[in-house]
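Asker: Here is my input, please return the structure:
(one chain, ligands or ions: 2)
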Amino acid sequence: MDKRYILALDQGTTSSRAIIFDHDGKIVKVAQKEFTQIYPKAGWVEHDPMEIWGTQSGVAREVLEAAGIRPEEVAAIGITNQRETTVVWDKNTGKPIYNAIVWQCRRTAGICDELKEKGLESYIRENTGLVVDAYFSGTKVKWILDNVEGAREKAEKGELLFGNIDTWLVWNLTRGKVHVTDYSNASRTMLYNIKELKWDEKILDELGIPASMLPEVRPSSEVYGYTDEKTFGGARIPIAGIAGDQQAALFGQTCYKPGMAKNTYGTGCFMLMNTGEEMVPSKNGLLTTIAWGLDGKVEYALEGSIFVAGASVQWLRDELRLIDSAKDSEYFATQVEDTNGVYVVPAFVGLGAPYWDMYARGTIVGLTRGANRNHIIRATLESIAYQTRDVLEAMQEDSKIELKALKVDGGAVANNFLMQFQADILGVPVDRPEVIETTALGAAYLAGLAVGFWSSKEEIAKKWAIDRTFEANMSEAKREKLYAGWKKAVDRARMWEEAEVNEACDEAAAAEEK
Ligand SMILES: Nc1ncnc2c1ncn2[C@@H]1O[C@H](COP(=O)(O)OP(=O)(O)O)[C@@H](O)[C@H]1O
Ligand SMILES: O=P(O)(O)OC[C@H](O)CO
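Answerer: Numbering: from 1, shown residues only. Ligands and ions are numbered 1, 2, ... in the order given. Presented below is the predicted three-dimensional model:
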């Protein structure tokens, strides 16, 4: 039977998605399932790894069934995933020893402060390309080893395994036969030396993480293993592509040449610029990261990570209950001409690039008696565009490249108001492609290249097609005035949580309990 499709598994922060693509790179069918977000304490975020596996394998089977496609018709599976989120499991039972600690979780801010106090910041930046922040996996692994009873002893005996979500999915898809990750995911752990392309012994020692827990790091496009017979009714489908979701989106947007960039608007918002084989260090608060390993080499990217983008729209919906659905935000935002001076800074989990402030918290400023629901909704959408401008400016400074246009993708780019405001506040056109599921598309392309479903990046690049361009349409004076207001609002949100005060309170509470 002809193998006419690629199946992409896109394991995101709020949902697991499975998408079937055909040879033209067009979507045949999508299945999606949201899963539980666990917030045990303020600033902490967890997922249940078994629920992640259950929803992801469930939608994979569901999408095939809904499309009437037999597993045997699938040429390969590509995996893409929320990055940094950390799972530690028992090698023998395959069971996680703790919930997955999600990339947004701030619980390890104190461990990061200790690393900084020990003077490790510049070593970590130079060798991993990252800033010291609770965002990345390294300190999360340490936290699990330090806080789960018996974990450290088991880890030292070689009985525990660590993985990001890609590794966890491959382990389960192959029923414990394969423990791997790819270069793009490894580069998000703060444990991987992106210059020497190996796990960094000095950082592992510092955090007390045994090397035996770590997955093997492989290219982003090759056959890592085959699905176990039980997952897809007897079929053994090659798992042939892995990339972190933001790098996968860069690949799906066909940003193959240095200087090409994209911005993905999902739960967070992530702008990546391809820098080719050159590792460009950032002087402006961006990350240097591995884009992918392909064709026998590794290519790098500069990244601006914004922690809260679409998640702020979910906050309007679920917590403030100002809207019934994310889509409604567009309607309400356009019922007013502007925000009436209101700014929302959605620093719910601190601020990422370019500020890197683990202690910032969300704020609404500029409220007057006339401020209403529509102004707050509009200001929330606008905050996504302002954060993108912060990052774009840093990227232009670091790369010395002025962007002529911005390629966008992800769930929130369906919002035309947001896209128009984005173009206005950047002063450059915003290009929305026909396929906005570029994360899954990128994973599909990587898998398809490995099995010869597509022949080359050049063949793939021809498939990129534009849906709509949003031209900048705001005077420079207005743009700069609005942006200056945003910068002021960000200042108000910064360093809100004070580490010392929190520690003192925790200690006092612990003493009282005794
Ligand atoms: N029309 C819209 N306007 C604004 N935000 C939207 C819209 N549609 C979806 N979103 C936001 O986009 C996010 C979903 O995008 P998606 O790419 O699926 O994210 P993820 O992969 O991070 O789960 C949600 O946070 C949602 O609030
Ligand atoms: O789940 P997403 O699409 O918001 O992506 C999360 C990022 O990978 C976090 O680094």
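
Asker: I'd like to know how far the residue of the stretch 101-250 of the chain found nearest ligand 1 sits from residue 305.
Answerer: Proximity of the stretch 101-250 of the chain to ligand 1 (Cβ to the nearest ligand atom) peaks at residue 245, 6.7 Å away. From N, CA and C alone the C-beta is placed, and that goes for glycine too. Distance of residue 245 to residue 305, given as Cβ to Cβ, to the nearest Å: 12 Å.

Asker: So for those two, which residue has more residues nearby?
Answerer: Per other Cβ atoms under 10 Å, whichever of residue 245 and residue 305 has more neighbours is residue 245, with 31 against 27.

Asker: Show me the helices in the stretch 1-150 of the chain, by range?
Answerer: All helices of the stretch 1-150 of the chain, identified by DSSP state H, counting those that start in this stretch, fall at 49-67, 109-117, 121-128, 137-147.

Asker: Need the contact partners of the second one.
Answerer: Contact partners of helix 109-117, identified using Cβ atoms under 8 Å, 6 or more residues apart in numbering, comprise 121, 124, 132-134, 139, 142-143, 206-207, 350, 358-359, 499, 503.

Asker: could you point out which element follows the strand ranked longest in the chain?
Answerer: Criterion DSSP state E: the longest strand present in the chain is strand 297-306. Note on strand 297-306: by DSSP states H and E, the next helix or strand toward the C-terminus is helix 310-318.

Asker: ok so, going back, can you say which of the helices of the stretch 1-150 of the chain is packed in most?
Answerer: helix 137-147 (a mean of 23; mean count of other Cβ atoms under 10 Å).

Asker: That one close to ligand 2?
Answerer: No. With Cβ under 6 Å from any ligand atom as the criterion, ligand 2 is not reached by helix 137-147; the gap is at least 10.3 Å.

Asker: Run through the neighbouring helices and strands of whichever helix or strand comes after that helix.
Answerer: Counting by DSSP H and E, the next helix or strand C-terminal to helix 137-147 is helix 151-156. Packing contacts for helix 151-156, counted by 3 or more Cβ pairs under 8 Å, 6 or more residues apart in numbering; DSSP states H and E, involve strand 87-90, helix 137-147.

Asker: for whichever helix or strand comes after helix 151-156, packing partners?
Answerer: Counting by DSSP H and E, the next helix or strand C-terminal to helix 151-156 is strand 160-163. Here strand 160-163 touches strand 87-90, going by 3+ Cβ pairs under 8 Å, 6+ apart.

Asker: still on that earlier bit, going by distance to residue 324, which of the contacts of helix 109-117 wins?
Answerer: Set against residue 324, the nearest of those by Cβ to Cβ is residue 350 (29.0 Å).

Asker: Leaving out the residues flanking it, which one is nearest to that closest one?
Answerer: Nearest residue to residue 350, sequence neighbours excluded (Cβ to Cβ, 6 or more residues apart in numbering): residue 358, at 4.4 Å.

Asker: who does residue 348 bridge with?
Answerer: residue 350 (DSSP bridges).

Asker: is it true that it touches residue 315?
Answerer: Yes. Assessed by Cβ atoms under 8 Å, residue 348 is found in contact with residue 315 at 7.2 Å.

Asker: Name the residue in the two with the higher neighbour count.
Answerer: The neighbour count for residue 348 versus residue 315, taken as other Cβ under 10 Å, is higher for residue 348 (20 against 17).

Asker: show me the contacts for that one.
Answerer: By Cβ under 8 Å, 6+ apart, the residues touching residue 348 are 307, 308, 311, 312, 315, 361, 362.

Asker: One more: residue 263?
Answerer: With the criterion set at Cβ under 8 Å, 6+ apart, residue 263 makes contact with 269, 270, 271, 388, 391, 392, 406, 407, 408, 409.

Asker: Over to residue 201?
Answerer: By Cβ under 8 Å, 6+ apart, the residues touching residue 201 are residue 211.

Asker: what separates it from ligand 2, distance-wise?
Answerer: Going from residue 201 to ligand 2 by Cβ to the nearest ligand atom, to the nearest Å gives 25 Å.

Asker: re the thing from before, could the helices of the stretch 1-150 of the chain be laid out in JSON lines, adding mean pLDDT?
Answerer: Shown next, in JSON lines, are these (pLDDT from 0 to 100):
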{"stretch": "helix 49-67", "mean pLDDT": "96"}
{"stretch": "helix 109-117", "mean pLDDT": "93"}
{"stretch": "helix 121-128", "mean pLDDT": "95"}
{"stretch": "helix 137-147", "mean pLDDT": "97"}
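
Asker: With distance to ligand 1 added, can I get those helices in JSON lines?
Answerer: Formatted as JSON lines, the helices of the stretch 1-150 of the chain follow (distance: least, Cβ to the nearest ligand atom, whole Å):
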{"stretch": "helix 49-67", "distance to ligand 1": "12"}
{"stretch": "helix 109-117", "distance to ligand 1": "23"}
{"stretch": "helix 121-128", "distance to ligand 1": "24"}
{"stretch": "helix 137-147", "distance to ligand 1": "18"}
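
Asker: This structure against ligand 2: which residues are in contact?
Answerer: Applying Cβ under 6 Å from any ligand atom, one finds that the chain approaches ligand 2 through 12, 13, 82, 83, 84, 103, 244, 245, 246, 266, 267, 268.

Asker: Neighbour-wise, which one of these leads?
Answerer: Neighbour-wise, those (other Cβ under 10 Å) top out at residue 244, 35 neighbours.

Asker: hang on, the earlier thing: could you single out the nearest of the contacts of helix 109-117 to ligand 2?
Answerer: residue 133 (11.2 Å).

Asker: Surely the closest one and residue 356 touch.
Answerer: Yes. Using Cβ under 8 Å, residue 133 and residue 356 qualify as a contacting pair, with a distance of 5.8 Å.

Asker: So for these two, which sits in the more crowded spot?
Answerer: Ranked by neighbour count (other Cβ under 10 Å), residue 133 and residue 356 place residue 133 first, with 23 against 17.

Asker: quick one, what contacts that one?
Answerer: 112, 352, 356, 358.

Asker: Count the neighbours of the last one for me.
Answerer: So that's residue 358. Counted by other Cβ under 10 Å, the residues lying close to residue 358 total 23.

Asker: how near is it to residue 346?
Answerer: 15 Å.

Asker: related to what we said a few turns ago, now the residues of the chain next to ligand 2 in JSON lines, with pLDDT?
Answerer: Supplementary listing: the residues of the chain next to ligand 2 in JSON lines, determined by pLDDT from 0 to 100:
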{"residue": "12", "pLDDT": "94"}
{"residue": "13", "pLDDT": "92"}
{"residue": "82", "pLDDT": "96"}
{"residue": "83", "pLDDT": "96"}
{"residue": "84", "pLDDT": "95"}
{"residue": "103", "pLDDT": "94"}
{"residue": "244", "pLDDT": "97"}
{"residue": "245", "pLDDT": "96"}
{"residue": "246", "pLDDT": "96"}
{"residue": "266", "pLDDT": "91"}
{"residue": "267", "pLDDT": "89"}
{"residue": "268", "pLDDT": "93"}
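
Asker: Compute the first-to-last residue distance for stretch 179-186.
Answerer: By Cα to Cα, to the nearest Å, the extent of stretch 179-186 from end to end equals 13 Å.

Asker: Same question for stretch 61-78.
Answerer: 15 Å.

Asker: now it: how far from the chain's centre is it?
Answerer: Distance, stretch centre to chain centre, for stretch 61-78: 26 Å (Cα atoms, centre = their mean, to the nearest Å).

Asker: Same check on stretch 134-145?
Answerer: In terms of Cα atoms, centre = their mean, the centre of stretch 134-145 is found 16 Å from the chain centre.

Asker: What about residue 402? Give its phi and psi, please.
Answerer: Dihedral angles of residue 402 (phi, psi; degrees, to the nearest 10) stand at phi -90, psi 120.

Asker: Count the neighbours of residue 426 for me.
Answerer: Per other Cβ under 10 Å, the neighbour tally for residue 426 reads 24.

Asker: does it really touch residue 389, like I thought?
Answerer: Yes. Counting by Cβ under 8 Å, residue 426 sits close enough to residue 389 to count as a contact (5.6 Å).
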